[in-house]
Every structure is written in C-alpha cells, then in structure tokens.
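Let me see the structure of the following:
(2 chains)
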Amino acid sequence: MNATVAQLTARSLLGRRRAYLLMALPAVLLVLSVASRGLAGQDAGITVGVLGGFALATLVPLLGVIAGTGAIGPEIDDGSIVYLLSKPLSRYSIATTKAMVAIAVVTGFAALPTFVAGLILSGTSSRLALGYAIGALAAGIAYGTLFLLLAVMTRHAVVVGVLYALIWEALIGSFVPGAQALSIQQWSLALTEQVVGARAEELDVSSAVGLGAAVPLLLVVIVGSTWFAGWRLRSLRLTSDE
Amino acid sequence: MGTLLLDKVSRWFGNVVAVNDVTMTIGPGVTGLLGPNGAGKSTLIHMMGGFLAPSSGSVTLDGEVVWRNEEIYRKIGLVPEREAMYDVVTGWQFVLANAKLHGLADPAGAARRAVDTVQMTEAQDRDISTYSKGMKQRIKMATALVHDPPVLLLDEPFNGMDPRQRLQLMDLLTAMGDEGRTVLFSSHILEEVEQISGSIQVMVAGRHAASGGFREIRQLMTERPHQYTIRSDDDRALAAAIISDPSAAAVQLVAAHDTEGAAARGDASTGRRDGSGSLHVQATDFASFVRVLPQLASRHNIRLYEVSPADESLESVFSYLVAR
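Next up is the predicted model:
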C-alpha cells in the first residue's frame, strides 16, 4: 500500500464526471426501493427481485467495471502511469493499492447502497438487507480486482468488462447451468444464501454453487487478479508516437 | 557515476526491427540522440529507462541491469514525451506527489528545490491543465529532478516549444550537464542540438549511424554529395556544360513523361528545347556547384526554369550517413 498512489488514484477515479457516473446507478436503486416500498409495502419477494435482479446482477458488476478499470485504465491510456512506474516502488504494491481504492469505491457506491436499499425495502426482516450487502461486497471486490487486471492487460477493458457482466453473468449464467459455476454473481449469492439462512429456499435466494466452493473461488479471483496485475505492471509497455 | 552502457542492443516488435545492434556509452554531460522520426530513438530511450526489454543485448547503468529493476529509478529521472499528467492537480501538488512516491526524507523540500530549478515557483499553484506547453515541460522536468538523479532521460523535450522556451530548456540541460549529470535527450532536428555543447549520437533506421560533436555531425551532413533537379529550356546542352565542370559527378536526362517510348524514339523525346523534361545532377562540391551553375547557364545562353535540391529531407541526409 502506498498513500500517494492511493491519493492520485482516488482523485482521478472520483474526479471530473466519473463521480456522477458512479452515483447514477446507486441513485436508481435507491429511488426504485423507495418507490416500491411506498407503492407495494414490505414484500420479501420484491426485495429479492430488486436486490438480486438489479443490485447484485447489474449495479455491482457495472460498478466493478467502472471502479476496476477506472483505477488504472485511463493512466495507461494517456501514458501518465509512467510517473508511478518510474519510481522505486514495488509493482505489486502499486497494484494492491489501486485494487484497494477500487474496492473502497465499489463498497461505497454498490455494497452500501445495496444494504440501504434492503433496509428500505424490508427492514431487517429475514436478514435480506445484510445478506445481499455481504453478497454485493464480495462480488464488488472480486469484480473490482478482476477488471483492474483486465485494464492492465487490454486497452478494451471497459468493453470486455461490460460484455462479461452482461452476456456471461446475466445471459449465459441464467440459462446455461454449467456456466453458473463460473460466475462471480453466483459465488456471491452463495454468501447471501448463507446469511439469509432458513428462509432462503422459500424466497428463492439460491446459488448454483455451494459455500464450500464459492469462498475459495472468490479468494482465488481476488488474490490472483491483484497479484497478476502487479506482475503485468512489471513489464507494462508504454506507448509512444513512434 | 551515471554511465549508461548499451551493449549490442536490439529490439524488434514482431518482425519489425526498431533498434538494430546498437552499442553506445553515455556518460556525464549532455548527449543528444538525433535521428528522423521512426529511427528508434524512443525505443532506445524506453530501454534505457527500463520500460522495454531489449530483445537481445543488455542495457546497464553503472553495471546494474535496468530492465525490471525498480531500484534503478533512484538514479534515473525520466521526462516522458507524452504530455499527460495527473492534471487534476496543481504543478506543486504533482511535483510533491512525485517526491513522496520516491520516498524522500523531505519531500516538500525536494519538491521546492526542483520547482525552483525549473523556475516554476510562481506558477506552481495553478492547475496543470492551465499550463502552456513549455510550462508543462518544465513541470515534467521538475518531477524528474525531484530526487536529484545522476541520470536524466528526456524524450523529445523540445517538441512544440517556441524558440524562447527552447533556449531556456537548453540552458537548463547544459547546467545539468555541467553539474556532472548524465543528460540524454532525443530530437529529430539538428539545429535543436546546436546550442548544447556535448556529444551527439545519430540514429537512423534503428542503427547507430554516427557520433561526435555538433560540428563533426554538421560537416558530415554538408559534405555529402548533393542532388539537384533542374529544369531549363535546353536540358541536353546544360547537361553537357554541367558535366564538363568538376563540381558535378553525374548528370541524368529525364523526359517529362519518360517511359519506354523515350528510349524507343531515341534522342528526340529527351532534352527538347521546350523545357518539359528535367536533369538530375549529382554535385560533389555543393558550394562551388551552386556558384558555377548560373555562370554555365548564362555562358551557353540557357534559361533556367527551376533548380531544386532533390534530397534535402532529413531522412535522406541521415541515410547518407548510414550508407557511408
């Protein structure tokens, strides 16, 4: 971890118009929750639908793409990453720091709003709010680090990230049973399922993978992505006009 | 202290060779890396700065391998060609952040010295996005100087600068060299290098073409054979007159639309008196050739329509050096 790297990263991630972009999706989630509670009252089914269908399936992956790629992608594109790389800093520490900033952003703009939305929708009943917040947090960390790695590996990280989130996670993940075993969303849902506990089955909060597989898989993605991003930074090729 | 050694360095990208078997030593003082665009200067500087692995050969600084060696940046200050910085901050904040990234004991003091060295103290609290090209260059320079490195690498630092900014930067670089630092900068314009005393390394098409002082390089360039394209109202008579003078080595007659037809019809189509063809002249001594040419023309009563140097592009000037 390096405080200066974190500072520069946070400033470019939250600066300019990106901050509005980050706020838009959670705002939609909260408005949706308030409207739903106001119109339909407290309803566990609706809560699962909003938190599972929108928060975990759309908000978290998209925020993960924005935070993960945004933590390093623009610097690589415009070449300003050279100011970090031309320093006696461990590349792994640069990657870890940037991952931490991305995680903080996903926590603040995705996991926390998910928790608040859960409270608005159905209070603390069935521990749905807590369950989905923990699921969103785990998924956010995994997405953030994975897309950070992606941004180090390719110029088209945002496109690839969005395609992954929308096509793999949402489309293939919901129709092809085997693909669900390789889905960050499903792994995180396993955590949610565990927290919700007894009523999970009745409310249809069920993951395609068991907890025993989900936790190690999440850890492998998080630790592996961050480490590999650092390794790739060691030989990052800078572009020039030549 | 501060000696960069390139030993048989090559770098290729796919099947394109960007740098071809370059061996050079760059020691304290100012060195200009000169060559046309695409000659491999940036690739070379990237390898010296540890941002690119040599495909073969080695780049070392005082015996230490540069590639994948983060500790080398305690000794190297790098001024990148591209302008992008973290421009959401002021110049001062940016230099200070660089000082902190180096883990210096007194980052504020170091940043103040660096900003002062590049004479940016007055403008240091403005946003970088409001800076002119020259100011950005100086702030970039300050970030490279903040840890007082013995080696300074600058990629095309004069690009887009106006003459006054250029002079300032040259003075700065000269001062750095006089302090005993190793200062290497790249450029594709010989005149930029002129005011800076020191040595010049010439790169052409990935090869190390020449090295020496400014005067030596300048001389190499002016002493090469010069080519001219000349149009007149009687090319054939002019060709005869030119070749009789010792200042020219070769003359070639070219018809206006010279194809196989010209050869078939023989003399008739080339060197007509209507001025539609042209002459290619290879001059051995360019100074005396340009003096003699008008005299020859007037003596033979030939009207000159056009006299233009055929190969004054930097590219050809440099490639002559390679072919030599």
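
residue in chain A nearest to chain B?
Nearest residue of chain A to chain B, counting by Cβ to the nearest Cβ: residue A:78, 3.5 Å away. Every residue, glycine included, has its C-beta placed from N, CA and C.

ok, now which ones touch that residue?
B:82, B:84 (Cβ atoms under 8 Å, 6 or more residues apart in numbering or on different chains).

Just the pLDDT at it, thanks.
In the predicted model, residue A:78 carries a pLDDT score of 87.

which residue ranges form the helices in the chain?
No chain in the question, so chain A it is. For chain A, applying DSSP state H gives helices covering A:3-14, A:18-40, A:44-48, A:60-70, A:73-78, A:82-85, A:91-106, A:112-122, A:128-153, A:157-163, A:173-175, A:177-180, A:184-196, A:211-233.

hm, I was asking about chain B
B:41-48, B:91-101, B:107-117, B:133-145, B:163-178, B:190-194, B:214-222, B:235-243, B:260-264, B:286-299, B:314-323.

List the buried residues in the longest one.
Applying a neighbour-count criterion of 16 or more other Cβ atoms under 10 Å in any protein chain shown, the buried positions in helix B:163-178 are B:165, B:166, B:168, B:169, B:170, B:172, B:173, B:174, B:176, B:177.

any idea how far the first one is from chain A?
If you measure residue B:165 against chain A using Cβ to the nearest Cβ, to the nearest Å, the figure is 20 Å.

Need the buried residues of helix B:163-178 in a markdown table (columns: distance to residue B:149 and pLDDT).
Converted to a markdown table, the buried residues of helix B:163-178 look like this (distance: Cβ to Cβ, whole Å; pLDDT from 0 to 100):
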| residue | distance to residue B:149 | pLDDT |
| --- | --- | --- |
| B:165 | 23 | 81 |
| B:166 | 23 | 83 |
| B:168 | 21 | 84 |
| B:169 | 17 | 86 |
| B:170 | 20 | 87 |
| B:172 | 15 | 88 |
| B:173 | 14 | 91 |
| B:174 | 17 | 91 |
| B:176 | 10 | 91 |
| B:177 | 13 | 92 |
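
Now flag whichever of these is closest to residue A:226.
For these, the closest approach to residue A:226 (Cβ to Cβ) belongs to residue B:176, at 38.8 Å.

Go ahead and confirm the closest one touches residue B:185.
No - counting by Cβ atoms under 8 Å, residue B:176 does not reach residue B:185; the two are 10.2 Å apart.

okay, and the common contacts of those two?
residue B:30.

show me the contacts for the nearest residue to residue A:115 once chain neighbours are set aside.
In this structure, residue A:115 finds its nearest non-sequential neighbour in residue A:133, 3.5 Å apart by Cβ to Cβ, 6 or more residues apart in numbering or on different chains. By Cβ under 8 Å, 6+ apart, the contact set of residue A:133 is A:111, A:112, A:114, A:115, A:118.

Can you tell me which of those is closest to residue B:73?
Of all those, residue B:73 sits closest to residue A:111, with 36.6 Å by Cβ to Cβ.

Let me see the contact set for whichever residue of the stretch 51-200 of chain B sits closest to chain A.
Using Cβ to the nearest Cβ, residue B:84 is the residue of the stretch 51-200 of chain B that sits closest to chain A, at 3.5 Å. Residue B:84 is in contact with A:78, A:79, A:80, counting by Cβ under 8 Å, 6+ apart.

Out of the helices of chain B, which one sits most buried?
Among those, helix B:41-48 has the highest mean neighbour count (mean count of other Cβ atoms under 10 Å in any protein chain shown), at a mean of 26.

Whether that helix contacts chain A - can you check?
Yes - on the criterion Cβ under 8 Å from any Cβ of the partner chain, helix B:41-48 is in touch with chain A at B:41, B:42, B:43, B:46.

list the helices and strands that helix packs on?
strand B:4-13, strand B:16-26, strand B:29-34, strand B:182-187 (3 or more Cβ pairs under 8 Å, 6 or more residues apart in numbering or on different chains; DSSP states H and E).

can you tell if the third one touches chain A?
No - contact between strand B:29-34 and chain A, assessed by Cβ under 8 Å from any Cβ, is absent, since the two come no nearer than 12.3 Å.

I'd like to know how far the residue positioned nearest the centre of chain A sits from residue B:176.
Central residue check for chain A by Cα atoms, centre = their mean: the C-alpha nearest the mean position is that of residue A:140, 2.5 Å away. Distance of residue A:140 to residue B:176, computed by Cβ to Cβ, to the nearest Å: 48 Å.

Find the nearest non-adjacent residue to the residue nearest to the centre of chain A, please.
Residue A:140 sits nearest to residue A:106 (Cβ to Cβ, 6+ apart), 3.4 Å away.

Which pLDDT value belongs to the one you found?
Model confidence at residue A:106, given as pLDDT, is 96.

my guess is residue B:237 meets residue B:304, correct?
No - contact between residue B:237 and residue B:304 fails when scored by Cβ under 8 Å: they sit 12.0 Å apart.

hmm, which helix or strand of the chain has the shakiest average pLDDT?
Reading this off chain A. Every helix and strand of chain A was ranked by mean pLDDT, DSSP states H and E. The lowest is helix A:173-175, at a mean of 70.

wrong one, I was asking about chain B
Counting by mean pLDDT, DSSP H and E, chain B has helix B:260-264 as its least confident element, at a mean of 42.

Kindly report the residues of the stretch 51-200 of chain B close to chain A.
Close to chain A, as judged by Cβ under 8 Å from any Cβ, the stretch 51-200 of chain B has residues B:51-53, B:68, B:70-74, B:76-78, B:80-82, B:84-86, B:88-89, B:97-98, B:100-103, B:143, B:155.
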